[in-house]
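Trainee: Quick check, what structure comes out for this input:
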Amino acid sequence: MSGEVKILGFAGSLRKNSYSKGLLRAASESLPEGAKLEIFDLEGIPPFNQDLEANMPARVKEFKAKIKAADAILISTPEYNYSVSGVLKNAIDWASRPYGDNSFDGKPVAVMSESIGMLGGSRAQYVLRQSFVFLNMHPVNRPEVMVPFAADKFDANGVLIDKASKGFIKDLLTSLVSWTRELKGV
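Mentor: Purely as a prediction, here's the structure:
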């Protein structure tokens, strides 16, 4: 790892102005010094099909390569039916396959969530954190970024306007960069 911490961020929503993508845009404006965030759009990743593992679709290969090149991962997730979106679960499945080629192995990871309800996507985060165990990822445990009542905290273009949430995101990124450096021994 060079002096700069390279973070790959992706959202579990395909909608252009989704709240999840809005959290990533807010993160790109709150990076600590010495960190860079690249945002990858999961659009175009087909449904997982184990028959295609030997000859993965180009978009999946691109996603896996970007994960491997990153020093850390930032996931922004909505909460659908007490869990993560199918889009996000599908992308994680592709990136961790085939067996023995888990792109996430050993990566530091931070997660943010939002929902229109009062729990802010917490249940989706807990599902992700369970997956992090099997994927051998190293999550940032605190601070937790869970944005409740998201419809009140984003404008019509999906831009985060809530100052408190922006502060939590900044703190999360600072923790992610520090955790990444600690794990890498830098």
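
Trainee: Identify the residues contacting the residue nearest to the spatial centre of the chain.
Mentor: Centroid check for the chain by C-alpha atoms, centre = their mean gives Ile75 as the closest residue, at 0.9 Å. Taking C-beta atoms under 8 Å, 6 or more residues apart in numbering, we find Ile75 in contact with 9-12, 88, 109-112, 128. C-beta here means a position set from N, CA and C on the backbone, and glycine is covered the same way.

Trainee: Kindly state the pLDDT recorded for the residue in the chain sticking out farthest from the centre?
Mentor: Most distant residue from the mean C-alpha position of the chain: Asp51, 26.5 Å away (C-alpha atoms, centre = their mean). Model confidence at Asp51, given as pLDDT, is 96.

Trainee: tell me which residues of the top helix by length along the chain are tucked away?
Mentor: Taking DSSP state H as the criterion, the chain has its longest helix at helix 163-184. For helix 163-184, the neighbour count (16 or more other C-beta atoms under 10 Å) marks 165-166, 168-177, 179-181 as buried.

Trainee: Distance from it to the middle of the chain?
Mentor: 13 Å (C-alpha atoms, centre = their mean, to the nearest Å).

Trainee: So which elements touch it?
Mentor: strand 5-11, helix 19-28, strand 72-78, strand 108-114, strand 145-147 (3 or more C-beta pairs under 8 Å, 6 or more residues apart in numbering; DSSP states H and E).

Trainee: Show me what whichever strand or helix holds Leu88 is packed up against.
Mentor: Assigned by DSSP states H and E, Leu88 belongs to helix 86-95. Helix 86-95 sits against helix 58-69, helix 122-135, with contacts defined as 3+ C-beta pairs under 8 Å, 6+ apart.

Trainee: Could you look up the next helix or strand downstream of the longest one?
Mentor: Spelled out, it's helix 122-135. Criterion used, DSSP H and E; the element after helix 122-135 is strand 138-139.

Trainee: which strands and helices sit next to that next one?
Mentor: strand 108-114, helix 122-135.

Trainee: still on that earlier bit, got the helices and strands packed on helix 86-95 as JSON lines, with distance to Glu29, mean pLDDT and mean neighbour count columns?
Mentor: Below are these laid out as JSON lines (distance: least, C-beta to C-beta, whole Å; pLDDT from 0 to 100; neighbours: other C-beta atoms under 10 Å):
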{"stretch": "helix 58-69", "distance to Glu29": "21", "mean pLDDT": "98", "mean neighbour count": "16"}
{"stretch": "helix 122-135", "distance to Glu29": "22", "mean pLDDT": "96", "mean neighbour count": "17"}
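
Trainee: Dump those helices to TSV, plus distance to Leu37.
Mentor: Below are the helices and strands packed on helix 86-95 laid out as TSV (distance: least, C-beta to C-beta, whole Å):
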stretch	distance to Leu37
helix 58-69	12
helix 122-135	19
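
Trainee: give the contact list for Ser20.
Mentor: 11-13, 76-78, 113-114.

Trainee: will you turn those residues into JSON lines that also has distance to Asp93, neighbour count and pLDDT?
Mentor: Conversion of these to JSON lines gives the following (distance: C-beta to C-beta, whole Å; neighbours: other C-beta atoms under 10 Å; pLDDT from 0 to 100):
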{"residue": "Ala11", "distance to Asp93": "17", "neighbour count": "27", "pLDDT": "98"}
{"residue": "Gly12", "distance to Asp93": "13", "neighbour count": "28", "pLDDT": "97"}
{"residue": "Ser13", "distance to Asp93": "17", "neighbour count": "25", "pLDDT": "96"}
{"residue": "Ser76", "distance to Asp93": "18", "neighbour count": "30", "pLDDT": "98"}
{"residue": "Thr77", "distance to Asp93": "15", "neighbour count": "27", "pLDDT": "97"}
{"residue": "Pro78", "distance to Asp93": "18", "neighbour count": "24", "pLDDT": "96"}
{"residue": "Ser113", "distance to Asp93": "19", "neighbour count": "29", "pLDDT": "97"}
{"residue": "Glu114", "distance to Asp93": "23", "neighbour count": "29", "pLDDT": "96"}
